[in-house]
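[1] Return atomic coordinates for the entry below.
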Amino acid sequence: MGGNDASIIEAGRNDGSRSHIGFSNMHKDNPKIIGFPQQARSNRYFREIGDLQLVMENALLDPVFQPILQLDSGEVFGYEGLIRGHPASSLYEPPQLFSAATKAGLLAELEHLCCRRVIKRFAQLKLGRQLFLNVSPQTVLQVREDVQRIAHFIRGCGLRTEQVTVELTEHHRVNDTTAFRQALVLFRSLGFRVALDDLGEGFSGLRLWSDLHPDYVKIDMHFVQGISQDPVKFQFLKSLQQIAQNCGSALVAEGVEDAADLRLLRDLGVALAQGFLISRPMQNPPSAVNIDLHEMINSPVISIYPEAKIAASHTVSVERLMAKVHAVAPDTQNETVLHRFERDPELGALPVVDDKKPVGLINRHLFIEQFVRAFRHELHGRKPCTMYMDSLPLVVEKSVTIQELSSILVESDQRYLSEGFIIVDGGCYSGLGRSQDLIREMTKLQLEAARYANPLTMLPGNVPINEHTERLVDSRVQFVAAYSDLNYFKVFNDTYGYHLGDEMIKICARVLGDICDPQKDFLGHIGGDDFIILFQSEDWEARCLSALEKFDREVSGLFTADDIKRGGILGEDRRGNKMLLPLTSLAIGAVIVKPGEFASHLQVATAATEAKKLAKREGRSNLWIERRSPAAAADRP
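    Numbers count the residues shown, from 1 in each chain. Got it, this is the predicted structure:
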């Protein structure tokens, strides 16, 4: 629910009894307190009960409504109906109000009264949109025989049942999904729609989604807030959006409070959003959002996905490397160990375990080499295997990351590289790991990281660069692809060394990052000293010029005084001739990409590369802007 409000309709009577819940038989006048539980009472308790009786006898309940925004148009799609108690009582906030009703055994009656108030007020406001009503699964089961009466009440208020969405709270477990599904069939047969509330917060949300096929699924605010900066939340919601498309459900993102989060949700294809950024719950809610929010939703600016950070921060535990190998006990005879190795040619080592704790490791090659020598079999065949085991094997917990294990192996005895290592869970033996599997997994991770993020600058690499370019092209928005490269970087790197060469690349990355608007502009590191900026900022040209000036200023400290005085570095040309080459500078080639001019990221990359080459012709810090059409630019000599 948006704004952390409690449900309009929560649970039935907490004593398990079934109460009649037809809307038409619950009137405003005089529902009575029917008795107190027998435990000791505090003054606060009696004050709450008195306030509850006052609220219910006089229907002192104020409905409020929070708009739900349609993200593809910026229009208000509907409203979630919420309730407030009497402001002069101790039960103004919904949690206190419903808690007091539960203690008094009047929760069902309060739910009915709240629901009537919300529906009537919504009809009076003539908002004409969808009304979302929070209803607990228990209440749905209780009212299934009164669905016709409920529908009659709604129509009597001037509303259509198709306007009402039963929003199922996830705070209570559904034990009988068959009966629950049958109850919802009755509601749907009369035109009601169904929403699943707060997915990710309560009980078995994905299972209910699969069983109930709701029209709407509301995502808990935990997975929404900060999504524009959180790659894990982004991947979670991206997966849910794919599920929603396959199931025919519409996602509703709750708790939206940030403009960047809202734009990302829009670009991800999420249908609806709700939260304080759009509007707080109000007694007289707006029928349309303010002009600033409407312009934000309809802005052509494409959001920047945070997923490029995932690969750089990705960790894999040692458990992935673990092979299940049956251990031997310390008193196992050497003959038995030999038979194990003979039966399994792939078995490189055997763990020795005593009372679940690893005490050693028997290396296959060392064991066979020693045991097959003359008379060893006859002398030692029936002796315990501990005589051939390494009593100080490498032992690691299965939760250790392979990056951490790699560092341990580098700093440890080199025999571990051939013997492998024992993997434990809480100190108890789980399995074996091999160093060759570790090396293979590390190589795979490094290659994957290189595809997604440059290890020197940690900026997005080629895969996310191409994906973001493709999104911009497909969205048919105008943007600028600015390809930057360093002039005479090789001579600097050769003369000053790779350490200062890396430092210059990092300075370049920082300078380019400083001129980008993180909400609009995408900075990627292609590799080496090549970078790309995909600008959506309208003042991109001024930003590029600022980068050129700032780069020249910041890298000046990397050159020696003699080179600065000479105005260049003594190096060699491609033929090996000694000559004075200019100091390293920054060249930027920019292509203005208009909607429909390019069909793919490959064409954009080709055009940006040509613009970069033209910028480098100057041999100094320079911005070259390709303003001609792609066809005309291709004819350039």
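[2] and residue 300, how many neighbours?
    12 (other Cβ atoms under 10 Å). To be clear about C-beta, it is placed using only N, CA and C from the backbone, and glycine gets the same treatment.
[3] For the stretch 201-350 of the chain, just list every one of the helices.
    Under the criterion DSSP state H, counting those that start in this stretch, the stretch 201-350 of the chain contains helices at 205-212, 231-247, 259-268, 291-297, 308-313, 334-343.
[4] The fourth one packs against which elements?
    Same thing as helix 291-297. helix 259-268 (3 or more Cβ pairs under 8 Å, 6 or more residues apart in numbering; DSSP states H and E).
[5] rerun that using 6 Å as the cut-off
    Helix 291-297 sits against no helix or strand, with contacts defined as 3 or more Cβ pairs under 6 Å, 6 or more residues apart in numbering; DSSP states H and E.
[6] which other residues reach it?
    Contacting residues not belonging to helix 291-297 are listed as 74, 259 [Cβ atoms under 6 Å, 6 or more residues apart in numbering].
[7] Tell me which residues of that helix come out buried.
    293, 296-297 (16 or more other Cβ atoms under 10 Å).
[8] Could you export that helix as CSV, CA atoms only?
    Output in CSV follows, covering the C-alpha atoms of helix 291-297 (Å, rounded to 0.1, in the frame of the first residue of the first chain):
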residue,chain,number,x,y,z
ILE,A,291,2.4,19.7,-14.9
ASP,A,292,6.0,19.0,-13.7
LEU,A,293,5.3,15.4,-13.1
HIS,A,294,3.4,15.0,-16.4
GLU,A,295,6.4,16.5,-18.2
MET,A,296,8.7,14.2,-16.4
ILE,A,297,6.7,11.1,-17.4
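[9] Quick one, grab the pLDDT at the nearest residue to residue 260 once chain neighbours are set aside.
    Nearest residue to residue 260, sequence neighbours excluded (Cβ to Cβ, 6 or more residues apart in numbering): residue 228, at 4.0 Å. Looking at residue 228, its pLDDT is 92.
[10] Doesn't residue 611 belong to a helix?
    Yes: residue state for residue 611 (DSSP: H, G, I helix; E, B strand; the rest coil) corresponds to a helix.
[11] residues in contact with it?
    Counting by Cβ under 6 Å, 6+ apart, the residues that residue 611 touches are 589, 591, 624, 626.
[12] can you tell me which of those residues lies nearest to residue 73?
    Distances from these to residue 73 were compared by Cβ to Cβ; the smallest belongs to residue 591, at 31.9 Å.
[13] and the closest one, what does it touch?
    481, 607-608, 611, 626.
[14] Tell me the confidence at it?
    For residue 591, pLDDT reads 97.
[15] Okay, now the sheet partners of whichever strand or helix holds it, with direction.
    Using DSSP states H and E, the secondary-structure element containing residue 591 is strand 585-593. Strand 585-593 pairs in its sheet with strand 479-487 (antiparallel), strand 622-626 (parallel), by DSSP bridges.
[16] picking that back up, tell me the two of the contacts of residue 591 that are most distant?
    Across the contacts of residue 591 (Cβ to Cβ), the longest gap, 9.5 Å, separates 481 and 626.
[17] For the two, indicate the residue with more neighbours.
    Neighbours were counted for residue 481 and for residue 626 using other Cβ under 10 Å; residue 481 has more, 27 against 22.
[18] which secondary structure element contains the spatially closest residue to the more buried one that is not a sequence neighbour?
    Leaving out its chain neighbours, the residue that sits closest to residue 481 by Cβ to Cβ, 6+ apart is residue 608, at 4.3 Å. According to DSSP H and E, residue 608 maps onto helix 601-616.
[19] try residue 72
    Using DSSP H and E, residue 72 sits within no helix or strand.
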